[in-house]
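Student: model the structure of this input:
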Amino acid sequence: MSDIKTQIGEIAYNPSGACFEALVTFHAPLGRFSVAASHEAPLSAEFDAISDGLLRDALAALNAPGRLGARVAEEESDENWEPRRAA
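Tutor: Numbering: from 1, shown residues only. Coordinates of the predicted model:
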């Protein structure tokens, strides 16, 4: 897992759920995988606690059935790119 980089998108506070929410993206050699994450915490919570909670929720979502996620396969190099021709 050392080749996987993690990116937490814009963090928003949801007052109705008293939680922070963000899209967390894992960048791996085979492509990107994004999951919605949430972390229950008061609005006054420290950033480190919020980001750690979001990351834990996203990691749990990777293998959880029924969790919404998106996977984008890594594209090939532009060097070998050729336009598609109409049939």
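Student: could you list the low-pLDDT ranges of this structure?
Tutor: Applying pLDDT under 70 to the chain flags the ranges 1-2, 68, 73-87.
Student: can you give me the helices in it?
Tutor: Along the chain, counting by DSSP state H, helices occupy 47-62.
Student: quick one: the strands in it?
Tutor: 5-8, 12-14, 19-28, 31-40, 69-73 (DSSP state E).
Student: how about the fourth one: buried residues?
Tutor: Along strand 31-40, these residues count as buried under the neighbour rule (16 or more other CB atoms under 10 Å): 33, 34, 35, 36, 37, 38, 39. Every residue, glycine included, has its C-beta placed from N, CA and C.
Student: ok, the last one next?
Tutor: When neighbours are counted by 16+ other CB under 10 Å, no buried residue of strand 69-73 is found.
Student: which residues touch it?
Tutor: By CB atoms under 8 Å, 6 or more residues apart in numbering, the residues outside strand 69-73 that reach it are 30, 31, 32, 33, 34, 35, 36, 61, 62.
Student: neighbouring strands - and their directions - for it?
Tutor: strand 31-40 (antiparallel) (DSSP bridges).
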